[in-house]
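Novice: What follows is a protein structure lacking sequence information:
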């Protein structure tokens, strides 16, 4: 095994650890919302510093590999992909932190009816599943699994597209829950972006393994 191979292994280990932390942030965000656990939400906010630290470390490691080893072919694509995936994961961490701040910001538990009607918990589940699938696809070098992300993201888009109407109807019926309702709408908007970031990650996985650039293609074309 060459020195470059060793460095690439360390890089993969670090990006998988960041994936694990980021997914945990989303999972804890869902739990904090359902249980109105403000202490857990504060833990999520505090953990964001760890996410940022990992992102900076991985960025530096990628730069060092470029400078010291001048990787080519699939090794070059791997490092380029990790560099972009690193940024996507950090942004998902920001999303989880943002959701946690909405939980901390209110004084009472979110209505179960509000959570059910807006499908925000379903969005959490979909977001977590999609992010988990990207991690498996990357670790196992499975481009077929990566291609399923594009269709799964459409489910998040569907929920997001009807959220404004559902929130408006709920506020009309429960004007005393205006603040909570608007926070849930903001959560939905943020969780929809988890799907967008996951699609970007899937594109990078396919680029790294197949040398195909899928940017600007339709969802149907990306699955082919």
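Specialist: Cool, the structure landed. Source: prediction; values computed, not measured.
Novice: quick one, what contacts residue 3?
Specialist: Under the criterion of CB atoms under 8 Å, 6 or more residues apart in numbering, the neighbours of residue 3 are residue 69. For every residue, glycine as well, the C-beta is placed using N, CA and C.
Novice: so where does residue 123 fall, helix or strand?
Specialist: Using DSSP states H and E, residue 123 maps to helix 120-139.
Novice: Against which helices or strands is that helix packed?
Specialist: The contact analysis (3 or more CB pairs under 8 Å, 6 or more residues apart in numbering; DSSP states H and E) places helix 120-139 against helix 3-35, helix 143-173, helix 178-210.
Novice: change it to 10 Å
Specialist: When contacts are defined as 3 or more CB pairs under 10 Å, 6 or more residues apart in numbering; DSSP states H and E, helix 120-139 sits against helix 3-35, helix 73-105, helix 112-118, helix 143-173, helix 178-210.
Novice: Residue 126: which of the ones you listed is closest?
Specialist: helix 143-173 (5.5 Å; CB to CB).
Novice: For residue 132, which of the helices and strands packed on helix 120-139 is the nearest?
Specialist: The nearest among the helices and strands packed on helix 120-139, by CB to CB, is helix 3-35 at 6.1 Å.
Novice: got the angle between that closest one and helix 178-210?
Specialist: Between helix 3-35 and helix 178-210, the angle comes out at 160 degrees (axes from the mean of the first three to the mean of the last three CA atoms, to 10 degrees).
Novice: quick one: low-confidence ranges for the protein?
Specialist: Residue ranges of the chain with pLDDT under 70: 214-224.
Novice: ok, 90 please
Specialist: Low-confidence segments of the chain (pLDDT under 90): 1, 212-224.
Novice: that older thread, okay if I get the helices and strands packed on helix 120-139 as JSON lines plus distance to residue 57?
Specialist: As requested, these are exported to JSON lines (distance: least, CB to CB, whole Å):
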{"stretch": "helix 3-35", "distance to residue 57": "7"}
{"stretch": "helix 73-105", "distance to residue 57": "9"}
{"stretch": "helix 112-118", "distance to residue 57": "36"}
{"stretch": "helix 143-173", "distance to residue 57": "25"}
{"stretch": "helix 178-210", "distance to residue 57": "19"}
